[in-house]
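>>> sequence? don't have it. structure:
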């Protein structure tokens, strides 16, 4: 009888341990593609060095990021041209042709939030970027719970 009780107790402990879930980190972004190409930007795209008075986390956004595609397919570069004292960001958002998309380059205005994420809305789609381990990760929030991800390397 004792052996049966011990086995039952051990089985309950095993089920409890196996069913415990650890918090899930945000899904890793899509793979980077060194050969990913977007459009050539002919207008002035000088990156202005950020002021030393800005938080380091903000200054790290400065530069040109790319060599990656949304979900590994639709090539994207982000030119972070200037960061202002209030967190406003001047940028150029470029994409290569692919799928149902034409190549494009647009000037945009974004904002760095209190949690050090660069956000802006383009064509009704909210985008959010953050930097971890010298990689700029991004999410495009599409409809409902659908989203698209990217992981970009610094190009300059």
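Everything's here; your move. These figures come from a predicted structure and were not determined experimentally.

>>> Which parts of the protein are strands?
63-70, 74-83, 88-95, 104-112, 118-122, 125-132, 135-141, 147-154 (DSSP state E).

>>> how close does the residue positioned nearest the centre of the chain get to residue 116?
The centroid of the chain falls nearest to residue 138 when counting by CA atoms, centre = their mean (1.5 Å). Residue 138 is 14 Å from residue 116, where distance means CB to CB, to the nearest Å. No exception for glycine: its C-beta is placed from N, CA and C like everyone else's.

>>> which neighbours do those two share?
The contact sets of residue 138 and residue 116 overlap at residue 130 (CB atoms under 8 Å, 6 or more residues apart in numbering).

>>> OK, contacts around residue 152?
32, 65-68, 76-78, 135-138.

>>> switch to 7 Å and redo it
Residues counted as contacts of residue 152 (CB atoms under 7 Å, 6 or more residues apart in numbering) are 32, 65-68, 78, 135-136, 138.

>>> Please apply the same query to residue 105.
39, 41, 92, 94.

>>> Also residue 135?
Listed by CB under 7 Å, 6+ apart, the contact set of residue 135 reads 151-153.

>>> Closest to residue 98 out of these?
Minimum distance to residue 98 across the contacts of residue 135 is 16.0 Å, recorded for residue 152 (CB to CB).

>>> From residue 52, how far out is that closest one?
25 Å.

>>> I figured residue 148 hits residue 71, correct?
Yes: if you go by CB atoms under 7 Å, residue 148 and residue 71 touch, sitting 5.2 Å apart.

>>> And those two? Which one has more around it.
Neighbours were counted for residue 148 and for residue 71 using other CB atoms under 10 Å; residue 148 has more, 20 against 14.

>>> what pLDDT does the more buried one get?
What the model reports as pLDDT for residue 148 is 95.

>>> Across the sheet, point out what pairs with it.
Beta-bridge pairing of residue 148 under DSSP bridges involves residue 140.

>>> so what's it up against?
Residue 148 touches 70-71, 140, 142, counting by CB under 7 Å, 6+ apart.

>>> Quick check: the gap between it and residue 139.
Residue 148 is 7 Å from residue 139, by CB to CB.

>>> Repeat that for residue 118.
The gap separating residue 118 from residue 139 is 11 Å, by CB to CB.
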